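1. please find the sequence and the predicted model below.
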Amino acid sequence: MQIPLRSNTTTQGRRMAGARSLWRANGMKEEHFGKPLIAVVNSFTQFVPGHAHLHNIGQHIKGLIEKQGYFAAEFNTIAIDDGIAMGHDGMLYSLPSRDVIADSVEYMCNAHKVDAIVCISNCDKITPGMLMAAMRLNIPAVFVSGGPMEAGEVDDRHLDLVDAMVMAADSNISDEYLAKVEENACPTCGSCSGMFTANSMNCLAEAIGLALPGNGTIVATHANRKRLFEEAVEKIIAATQTYYYEGNDKVLPRSIATRDAFLNAMKLDIAMGGSTNTVLHLLAIAHEAGVDFTMSDIDRLSRQTPNLCKVAPNSHYHIQDVNRAGGILSIMGEMERGGLLETNVNRIDGKTLAEAISEYDIKRETVTEDAFRRFKSAPGGGRNLVMGSQESTFKVLDDDREKGCIRSIEHAYNKDGGLAVLFGNIAEKGCIVKTAGVDSSIFQFKGKARVFNSQEDAVNGILGDAVQKGDVIVIRYEGPKGGPGMQEMLYPTSYLKSMQLDKYCALITDGRFSGGTSGLSIGHVSPEAAGGGAIGLIRDNDDIEIDITRRSINLLISEEELAERRKAEDAKGKDAWQAGERERNVSKALKAYASFVSSADLGAVRLID
Ligand SMILES: CC(C)(O)[C@@H](O)C(=O)O
Ligand SMILES: [Mg+2]
């Protein structure tokens, strides 16, 4: 059964003469009318190294689609560089930009009646924003990211921007050495080279099945990255044809991103030690897809899924090393061997996950030559800002599942996952910790609260010696509503490292973290302080007890005392549950966001009836 094209609305019938004449002015030819209209959804910007190399690729894709006889038109979304926006009020805009991106894709595609989309994403909020839009639109969609940056190199050691941030506040590092690190930490175009948020999300797009093998791990500079874009064109043409001309709805985003696909993606995230932001984003994408997927699923999965991979900031490996070890489908191959995945799920290339694993897990006999081509894609070295401009290859792949970058279940770093959801009287709706980044010696931690009502105060406290070994740093009124915008606390966690306090302190916040954060850093505390959460009732010198093994986090005061404090806070009327004095300019745009946004345990989606 044929499905009518959405674009027929503006290209068919006598009454659409005006719209057709505008389409002609856009370059549409007679033969394009009545055929699918494909949008190239780009996110090129010269503000973000993860996107600066995407200028020409959109037009390259348009050209390839038009060779197949369909009209394609490109538009752009915004993209914020979290690393540049980090640590000042620019970061208030980062998470809200996810929803701006989702809305802008919806606006463009519905206003112009687009039939299918190729999404060119990369950095932190762009992939989730576009995925949210794809779920809303539910038209054929394929995702290709700009690809990871090559790791920096200084004195034979691989490093990245987080090393530069940590060293910048470490008085043991000389100015000369820091300058060398700064110069070399970010050598190429692409998303920052560790298991940070951008790369985590692009790996998850691959796990869900909306992106092709290698999407998460082939470096931006490699020719095989450019090929991924070209293959994406083949896949979107095939998906568009089978959906509209044969009525095959298996290729639609909501048929691919099913509950099983979300569970698989979350398990992959736990196994690979992904950024904690993935929790927020998967919840939000599932919400848009109408899929029942909640914090309690994440809690359950985190107890069943081993941690098979540790990448920077949790080890010396970078994403290029995950590629050399066989990429995401090889991690999923290890998980499948342990019966951890539901592999009978569809992918955008028409394969099931079972088929994809059999072709791309480098440890299978059935692995294809095409898999080796992708996973041999190596960094080229040196400064290189051009997409697909080098063809270096790894001479040998890393198939050591005992000590290599990807471990088998038998040799897991931790049988109990790389991520945990904790509950307790200060996080009744849960909070998140990336256990892959926590030294197991502090899985149980008890300390005195050092309370800050803003990230800025916390940074000053950490660098100004207000924080001592054994403290639990509390940073609150930084949640989705309270910030607003739920800033990433990368500077506080990096400065704890600079001050050599990271192994002796815990940090809890209703804000969130960068993928570059490690240590006993517990975020997304829900409900947030601005929403009446008990994190707002903590006082300096209160005892706080954290037990990762038991998944608990508690303020050690009696229920009566907690109730008293709540009563006193509520009695402040309109001043209740506010950060109090702090210098922060919150624009009207951000206030509008704050008035709709939900708590982190719901993915910080905007609640609109
Ligand atoms: C700047 C970073 C490291 O990319 C951060 O934004 C993240 O979330 O991982
Ligand atoms: Mg980020």
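-> On my side now, so go ahead. Ligands and ions are numbered 1, 2, ... in the order given.
2. tell me the contacts of the residue of the stretch 151-300 of the chain found nearest ligand 2?
-> As assessed by C-beta to the ion, ligand 2 sits closest to residue 197 within the stretch 151-300 of the chain, at 4.2 Å. No exception for glycine: its C-beta is placed from N, CA and C like everyone else's. Residue 197 is in contact with 82, 123, 124, 275, 277, 278, 514, 515, counting by C-beta atoms under 8 Å, 6 or more residues apart in numbering.
3. likewise for residue 68?
-> The contact partners of residue 68, by C-beta under 8 Å, 6+ apart, come to 233, 237.
4. again, 7 Å this time
-> Residue 68 makes contacts with residue 237, as judged by C-beta atoms under 7 Å, 6 or more residues apart in numbering.
5. ok so, going back, can you redo the contacts of residue 197 as a markdown table with secondary structure?
-> Conversion of these to a markdown table gives the following (DSSP: H, G, I helix; E, B strand; the rest coil):
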| residue | secondary structure |
| --- | --- |
| 82 | helix |
| 123 | coil |
| 124 | coil |
| 275 | coil |
| 277 | helix |
| 278 | helix |
| 514 | coil |
| 515 | coil |
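6. and which of those is nearest residue 165?
-> Closest to residue 165 out of the contacts of residue 197 is residue 514 (9.5 Å), distances taken as C-beta to C-beta.
7. could you give the number of residues near the closest one?
-> Residue 514 sits with 30 neighbouring residues when counted by other C-beta atoms under 10 Å.
8. my read: it touches residue 195, true?
-> No - assessed by C-beta atoms under 7 Å, residue 514 is found out of contact with residue 195, at 10.9 Å.
9. show me which residues of the stretch 501-609 of the chain sit near ligand 2.
-> residue 514 (C-beta under 5 Å from the ion).
10. in which helix or strand does residue 604 reside?
-> Assigned by DSSP states H and E, residue 604 belongs to no helix or strand.
11. what number of residues lie near it?
-> With other C-beta under 10 Å as criterion, residue 604 counts 28.
12. same deal with residue 502?
-> Quick note: residue 502 (other C-beta under 10 Å) scores 24 neighbours.
13. show me the contacts for it.
-> 496, 519.
14. surely it forms part of a helix?
-> No - going by three-state DSSP, the assignment for residue 502 is coil, not a helix.
15. check which helices and strands the one helix or strand residue 134 maps to is in contact with.
-> Here residue 134 sits within helix 126-137, counting by DSSP H and E. Using 3 or more C-beta pairs under 7 Å, 6 or more residues apart in numbering; DSSP states H and E, the elements in contact with helix 126-137 are helix 94-111, strand 116-121, strand 141-145, helix 197-208, helix 253-256, helix 277-289.
16. figure out which of the ones you listed is closest to residue 485.
-> With C-beta to C-beta as the measure, helix 94-111 is the member of the helices and strands packed on helix 126-137 nearest residue 485 (5.2 Å).
17. does that closest one reach ligand 2?
-> No - Helix 94-111 stays clear of ligand 2 (C-beta under 5 Å from the ion), getting no nearer than 6.4 Å.
18. what's the spacing between that helix and its chain's center?
-> 16 Å (C-alpha atoms, centre = their mean, to the nearest Å).
19. number the chain from 36, please
-> Got it, first residue is 36 now, which makes that one helix 129-146.
20. for residue 241, give me its contacts.
-> 248, 250, 251, 363.
21. tell me how far the first one lies from residue 574.
-> With distances taken as C-beta to C-beta, to the nearest Å, residue 248 is found 52 Å from residue 574.
22. between the two, which is the more surrounded one?
-> residue 248 (27 against 11).
23. average pLDDT across the longest strand along the chain?
-> Ranked by number of residues, the top strand in the chain under DSSP state E is strand 479-487. Strand 479-487 shows a mean pLDDT of 98.
24. list the buried residues in that strand.
-> For strand 479-487, burial by neighbour count (16 or more other C-beta atoms under 10 Å) applies to 480, 482, 484, 485, 486, 487.
25. how many neighbours does residue 183 have?
-> By the criterion of other C-beta under 10 Å, residue 183 has 35 neighbours.
26. OK, contacts around the residue in the chain positioned nearest to ligand 2?
-> Relative to ligand 2, the nearest point of the chain is residue 117 (3.4 Å; C-beta to the ion). If a contact means C-beta under 7 Å, 6+ apart, then residue 117 has 129, 158, 159, 523, 549 as its contacts.
27. how about the helices in the stretch 186-335 of the chain?
-> All helices of the stretch 186-335 of the chain, identified by DSSP state H, counting those that start in this stretch, fall at 196-203, 210-219, 232-243, 258-281, 288-291, 294-307, 312-324, 330-339.
28. any part of the next helix or strand after the last one near ligand 1?
-> The one in question is helix 330-339. Heading C-terminal from helix 330-339, the first helix or strand you meet, by DSSP H and E, is helix 354-359. No - shown here: helix 354-359 not in contact with ligand 1 (C-beta under 6 Å from any ligand atom), separated by at least 11.8 Å.
29. neighbours around the closest residue to residue 424 other than its chain neighbours, how many?
-> Closest residue to residue 424 apart from its sequence neighbours, by C-beta to C-beta, 6 or more residues apart in numbering: residue 256 at 5.8 Å. Neighbours of residue 256 under the rule other C-beta under 10 Å: 31.
30. need the contact list for residue 256.
-> The neighbours of residue 256, taking C-beta under 7 Å, 6+ apart as the test, are 185, 223, 224, 225, 415, 419, 421, 422, 424, 425.
31. quick one, phi psi at the closest residue to residue 436 other than its chain neighbours?
-> Spatially, and ignoring its direct neighbours in sequence, residue 436 is nearest to residue 443 (3.9 Å; C-beta to C-beta, 6+ apart). Main-chain torsions, residue 443, degrees, to the nearest 10: phi -80, psi 170.
32. so residue 443 sits right up against residue 435, yeah?
-> No - between residue 443 and residue 435 there is no contact under C-beta under 7 Å: 9.8 Å.
33. which of the two has more neighbours?
-> More crowded of residue 443 and residue 435, by other C-beta under 10 Å: residue 443, with 18 against 13.
34. next, count neighbours for the closest residue to residue 395 other than its chain neighbours.
-> Leaving aside its sequence neighbours, residue 395 sits nearest to residue 364 (C-beta to C-beta, 6+ apart; 3.7 Å). Applying other C-beta under 10 Å, we find 28 other residues in the vicinity of residue 364.
35. fine by me, thanks again.
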